[in-house]
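Chemist: Next come a sequence and a model predicted from it.
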Amino acid sequence: MRISPQSGQVVKCCNQIVVGLTFEGVAEAILLARRNGVDPVKMREALLGGFAGSRILEVHGQRML
């Protein structure tokens with residue numbers, strides 16, 4: 001499948017939206033866990049095993065902790 005240069009720019013923007021929102025979601029989840037007495041390390045490990053698992057949660061979630 002070929003993508004025109006204009007389409008490529010739009011796809012890049014779409015990617016940035018998804019990545020940015022995922023970063024925000026990981027940060028919010030860590031904060032929610034901490035504020036409610038849940039170990040954020042264990043919360044992250046649990047989430048990595050399900051549909052919430054992602055490279056952002058894996059790599060950057062660890063850095064956020």
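Modeler: Sure thing, it's come through. Numbering: from 1, shown residues only.
Chemist: SS state for residue 32?
Modeler: Following DSSP: H, G, I helix; E, B strand; the rest coil, residue 32 is assigned to helix.
Chemist: tally of neighbours for the closest residue to it other than its chain neighbours?
Modeler: Computed as C-beta to C-beta, 6 or more residues apart in numbering, the closest residue to residue 32 that is not its neighbour in sequence is residue 38, at 8.0 Å. C-beta here means a position set from N, CA and C on the backbone, and glycine is covered the same way. In terms of burial, residue 38 registers 14 neighbours under the definition other C-beta atoms under 10 Å.
Chemist: same deal with residue 30?
Modeler: Around residue 30 sit 19 other residues, with neighbours defined as other C-beta under 10 Å.
Chemist: Also residue 29?
Modeler: Neighbour count for residue 29, taken as other C-beta under 10 Å: 19.
Chemist: what's the answer for residue 58, then?
Modeler: 13.
Chemist: And residue 56, by the same measure?
Modeler: Counted with other C-beta under 10 Å, residues neighbouring residue 56 total 17.
Chemist: Kindly report the same for residue 20.
Modeler: Here the number of neighbours of residue 20 (other C-beta under 10 Å) works out to 11.
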